[in-house]
Structure formats: C-alpha cells, structure tokens
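Colleague: When you get a sec, could you give me coordinates for this:
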Amino acid sequence: MKPQTIHPEGWAPALGYANGILMADGTLHISGQIGWNKDKKFVKGGFIEQMEQALTNIAEIARAAGGEVDDIGRLTWFVKDKAEYLAKQREVGKAYQRVFGKHFPAMSMIIVNDLIEDEAMIEIEATAYINQKA
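Modeller: So this is what the prediction gives:
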C-alpha cells in the first residue's frame, strides 16, 4: 500500500506540501500547522488563538485519517516569541486542553527567528499512529 495523502474535506488546497501523509504501517505525519483556518485565513487574536487553531487543524487532520487526538504521539512546536509563550502559560494550558483534553504526547519546543507566513506566531507539527483494522 502506498502512502495516502490526507486532506480534510472542505479545506483550501495545500500547495507544495500535504497536510498529512498516512503511511502503510499506520504512521501519520502531519505537516506544520499554523493559526489559519480551512480557508487559509488567520484567526483573529494573537498567540493563544493561533496556537489553538494550529492544534485544531492537527486534530482535524488526524480525524480525516481515521484517528483521534489520542492517536497523536508527538508534537513539535516552533514558536517565534519565547517570552510571550512563557508569560501565557495558564492560557496555553486552557487552550491546549480545549482541543487535546488530558492527552499529552511527547513534545519538543523550538524557538525560531521566523516562519514562512509573516502573520504566523507558531507552527506545530505532529506524528500519530492510526490503527488500521482490517
């Protein structure tokens, strides 16, 4: 079985990348997601709103592949402003739990100078395992 491109229904096309690739063994690689919605429009607000949208996008890609958030085993966060992230830990936790509940996969955070989309404050990529029952 060849890898399958995962693209949630109704989302604007991914140009030059795939939102997700589901491998034959059930591993789902989810591309870095930023704070824009299915129409590639950034959500209103700031860091917290973009973070929650990026996590929501990841959850939607996992569901489009036949999984759920608790199938996600790894998140890598790319954050432009370390001070803002640290200052908003309580809000980060609340927004995270609105999307992922009490599921806490392995995580890494990398502070970056910039991201490709100028408005993006955060980008999060993920890896999941989708149990493909015969």
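Colleague: ok, His7 to Lys80 distance?
Modeller: Counting by CB to CB, to the nearest Å, the gap from His7 to Lys80 is 27 Å. To be clear about C-beta, it is placed using only N, CA and C from the backbone, and glycine gets the same treatment.
Colleague: The longest helix seen in the chain - what's its average pLDDT?
Modeller: Secondary structure of the chain read by DSSP state H shows that its longest helix is helix 47-64. Confidence over helix 47-64 (mean pLDDT, whole number) is 98.
Colleague: okay, the angle between the next helix or strand after it and helix 47-64?
Modeller: Proceeding N to C from helix 47-64, the next assigned helix or strand is strand 72-79, under DSSP states H and E. Orientation check (axes from the mean of the first three to the mean of the last three CA atoms, to 10 degrees): strand 72-79 against helix 47-64 gives 150 degrees.
Colleague: Which residues does strand 72-79 contact?
Modeller: Contacts to strand 72-79, defined as CB atoms under 8 Å, 6 or more residues apart in numbering, come from residues 30, 32, 58, 62, 85, 100, 103, 105-112, 115, 121-129.
Colleague: List the buried residues in that strand.
Modeller: Residues 72, 75, 77-79 are the ones in strand 72-79 that count as buried (16 or more other CB atoms under 10 Å).
Colleague: Just the C-alphas of it, formatted as PDB.
Modeller: These are the backbone C-alpha positions of strand 72-79, laid out as PDB (Å, rounded to 0.1, in the frame of the first residue of the first chain):
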ATOM      1  CA  ILE A  72      -1.000  11.500  18.300                       C
ATOM      2  CA  GLY A  73       2.300  10.500  19.800                       C
ATOM      3  CA  ARG A  74       4.500  13.500  19.200                       C
ATOM      4  CA  LEU A  75       4.200  17.300  18.700                       C
ATOM      5  CA  THR A  76       6.900  19.700  17.700                       C
ATOM      6  CA  TRP A  77       6.200  23.400  18.400                       C
ATOM      7  CA  PHE A  78       8.000  26.200  16.600                       C
ATOM      8  CA  VAL A  79       7.500  29.400  18.500                       C
END
